[in-house]
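Novice: Mind looking at a prediction? Sequence and model below.
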Amino acid sequence: MLNAKRTSWDLSPIMQDAGEENIKKELREVRGANADFIKKWKNRDDYLKKPAVLKEALDDLEKISRNYGSSGNPGFYFGLLSSLRQDDTNVKAKLNQIDEASTKIQNDTLFFSLNISKIPKEEQAKFLGALELAEYKHFLESAFESAKYILTEPEEKIMNLKSPMAHGYWEQMIETLLSKQERKVVIDGKEETKNFSEILKLTEETNKETREEAAKVFGEILARYSEVAEAEMNAVLANKKVNDELRGFSRPDSERHLEDNLTTETVDQLIKAVTEKFELSKKFYELKAKLFKVDKIRYFERAVSYGEQKMKYPYEKAIELVNKTFSGLDKKFSDILERFSEKGQIDVFPKKGKHDGAFCTDYLPIQPTYILLNHNDTLKDVTTIAHEAGHGINAELMKEKQNALNLGTPKSTAEVASTFFEDFVLNELLKKAGEEERLSILIEKLSGDVSTIFRQTAFYNFEMELHTEFRKKGYLSKEEIGAMFKKNMSSYMGEFVDTSEAGNWWIYVPHFRNFFYVYSYTSGLLISKALQAKVKENHEFIEKVKDFLSAGTSDSPENIFKKMGVNIADKEFWNQGLNEFESLLNQTEELAVKLGKI
């Protein structure tokens, strides 16, 4: 039985001594390792001519990437600590200092990747075909592909140095302003002080009066900072436009596709396939409006739970259920989760100053993977454990199979592992539910799928319109941005959701500052559905799933999936996942009719 008694992070495997002298010592080691690499390769060009010499250089780079990176143990340690102590200015200050030093190291070592990317096209085949470079082949392919968008070394250094001021600090400003907001909200007749994220959560409360007041207060906060957000958004849009022009990207989303190692044609097929099926999400909201006995759902109510889920899931019970489901798929998965739990790699419960929501993170291959939760005993918290543990399993399997230069998951497939495991756990929960609770769980499941597939696609369409209009006009008012946002939200929700109050709701969405990231949720879930179907048809397919989870960036996503018999470049592939959504929607509607709910 899994031991779930450790519920706080143990950061000692990263740094047992976080005193000032030890931090300086650790950072000296990071600088020293990178300085040795620079000294050895900075003034040489033989690695650009001979595969054997390039192999030696890449081995050196891999060793640094495995053991030091650009911020070593202190960077990861204080990054994690800042998630537990968001209101601790000393931790923020230390992290900023480390980040500045890290940026300098990245700039100083920039010459290497720039030089590789500029290897003449006629010479590239020699390196790609060299047997001694086989494990770095895709790393080189990606470097060669990005070559035409890379500037000179001095220009790239300027781009790195200006990035925090031109983008990061703007984004941080609006996030900080919102996170500091506290307001009084009446809950069950009692006035309570809640912070920004708590107020947002209250807009989805089952109690109508509570969510309406929370939405009113939430809207007031957004309105208060709408002018600031207008300036912030225009600043980051302008910076993005300048960056794209300097690099020669033809579309606002081109850089994202390059970074994600996915063709623009594949992403276009995905967005087109989902947009053409917006009638499905509209049908879902029609069903939900009927269940709630209203003509229209208000915008902030779109994710409100339906029915009553009586079951509570204390953390020990929840993680045991997840672990059992993982074990049924493959013992390797449950072994990894047990290690996370027993070694203090999961921080479970809400605390004052702790980062809201949930995430999974890792940095160097030699460091542990960590998961942050805010567990409140709900069904959603159970699937969140599965979701974040899925990311963690993905990370651990990559560490076992890949060199440090092939670690990482492209955004396009980043959510495959998480949603794969999440859905299997949800199916387990459904087996134990009666019909009334089953309907409630199915509505919640469909609501999540709508948000992941259709909402994120509408977000992507909004971003495209936002960048396109900005580049035409040079500046967009908050009213113009709000009108665009409402139009795109209505496009997938239809007439059964009232978007009239949503004009400022773009302000709090961080994804719009992490440009075009949102499609990865859509692609991840639809790919995940295809993999789930194959495992259900033939359990032995789980071995191919493990191969995918181990692959990292050793090949392009298209090629990795082709080896598994999945063609993500085909629009019909995306339609298969959408058809599965439609089938579940129809089953849920039939159950609602059977129970006399509509």
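Specialist: Alright, I've got the coordinates.

Novice: could you pull out the strands for the stretch 51-200 of the chain?
Specialist: Applying DSSP state E, counting those that start in this stretch to the stretch 51-200 of the chain gives strands spanning 182-187, 190-195.

Novice: okay if I get those as JSON lines plus mean neighbour count?
Specialist: From N, CA and C alone the C-beta is placed, and that goes for glycine too. As requested, the strands of the stretch 51-200 of the chain are exported to JSON lines (neighbours: other C-beta atoms under 10 Å):
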{"stretch": "strand 182-187", "mean neighbour count": "15"}
{"stretch": "strand 190-195", "mean neighbour count": "12"}
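
Novice: Would you mind saying which of those lies nearest residue 227?
Specialist: Set against residue 227 and scored by C-beta to C-beta, the strands of the stretch 51-200 of the chain come closest in strand 182-187, at 19.2 Å.

Novice: for stretch 172-186, what is the average pLDDT?
Specialist: Mean per-residue pLDDT for stretch 172-186: 89.

Novice: For residue 500, the count of nearby residues, please.
Specialist: Counted with other C-beta atoms under 10 Å, residues neighbouring residue 500 total 10.

Novice: Is residue 236 within a helix or a strand, and which one?
Specialist: Here residue 236 sits within helix 226-247, counting by DSSP states H and E.

Novice: hang on, the earlier thing: between the strands of the stretch 51-200 of the chain, which gets nearest to residue 148?
Specialist: With C-beta to C-beta, the closest approach to residue 148 among the strands of the stretch 51-200 of the chain belongs to strand 190-195: 46.1 Å.

Novice: Throw the strands of the stretch 51-200 of the chain into CSV and include distance to residue 282, thanks.
Specialist: As requested, the strands of the stretch 51-200 of the chain are exported to CSV (distance: least, C-beta to C-beta, whole Å):
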stretch, distance to residue 282
strand 182-187, 32
strand 190-195, 33
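
Novice: out of those strands, nearest to residue 29?
Specialist: strand 190-195 (39.1 Å).

Novice: helices or strands up against that closest one?
Specialist: Under the contact criterion of 3 or more C-beta pairs under 8 Å, 6 or more residues apart in numbering; DSSP states H and E, strand 190-195 touches strand 182-187.

Novice: returning to what we had before: list the buried residues for the helix or strand following the helix holding residue 236?
Specialist: Next along the chain after helix 226-247, taking DSSP H and E as the criterion, comes helix 254-259. By neighbour count on 16 or more other C-beta atoms under 10 Å, the buried set for helix 254-259 is 254, 255, 256, 257, 258.

Novice: Likewise for stretch 327-343?
Specialist: If you call a residue buried by 16+ other C-beta under 10 Å, then stretch 327-343 has these buried ones: 327, 329, 330, 332, 333, 334, 336, 337, 338, 340, 341.

Novice: Can I get it in PDB? Just the C-alpha atoms.
Specialist: Provided in PDB are the C-alpha atoms of stretch 327-343 (Å, rounded to 0.1, in the frame of the first residue of the first chain):
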ATOM      1  CA  SER A 327      -0.700  -0.100 -11.400                       C
ATOM      2  CA  GLY A 328      -3.400  -1.600 -13.600                       C
ATOM      3  CA  LEU A 329      -1.900   0.200 -16.600                       C
ATOM      4  CA  ASP A 330       1.700  -0.700 -15.900                       C
ATOM      5  CA  LYS A 331       3.600  -1.300 -12.600                       C
ATOM      6  CA  LYS A 332       6.300   1.100 -13.700                       C
ATOM      7  CA  PHE A 333       3.800   4.000 -13.500                       C
ATOM      8  CA  SER A 334       2.800   3.100  -9.900                       C
ATOM      9  CA  ASP A 335       6.400   2.600  -8.900                       C
ATOM     10  CA  ILE A 336       7.200   6.200 -10.000                       C
ATOM     11  CA  LEU A 337       4.200   7.600  -8.100                       C
ATOM     12  CA  GLU A 338       5.100   5.800  -5.000                       C
ATOM     13  CA  ARG A 339       8.600   7.200  -5.100                       C
ATOM     14  CA  PHE A 340       7.200  10.700  -5.500                       C
ATOM     15  CA  SER A 341       5.000  10.200  -2.500                       C
ATOM     16  CA  GLU A 342       7.500   8.500  -0.200                       C
ATOM     17  CA  LYS A 343      10.400  10.900  -0.900                       C
END
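
Novice: ok, now which ones touch residue 206?
Specialist: With contact set as C-beta atoms under 8 Å, 6 or more residues apart in numbering, residue 206 has these partners: 304, 305.

Novice: per-residue pLDDT, it?
Specialist: pLDDT recorded at residue 206 is 87.

Novice: How about the backbone phi and psi for it?
Specialist: The phi/psi pair for residue 206 (degrees, to the nearest 10) reads phi -70, psi -30.

Novice: Could you number the chain from 23 rather than 1 from now on?
Specialist: Got it, the first residue is 23 from now on, which makes the last one we talked about residue 228.

Novice: Any buried residues in the helix holding residue 258, and which?
Specialist: For helix 248-269, the neighbour count (16+ other C-beta under 10 Å) marks 248, 250-252, 254-259, 261-262, 265-266, 269 as buried.

Novice: go on, stretch 374-383?
Specialist: So for stretch 374-383, counting by 16+ other C-beta under 10 Å, buried means 376, 377, 378, 380, 382, 383.

Novice: Touching that stretch from outside, list them.
Specialist: Outside stretch 374-383, the residues that touch it by C-beta under 8 Å, 6+ apart are 101-102, 105-110, 219, 369, 391-396, 406, 409-411, 413-414, 417, 440.
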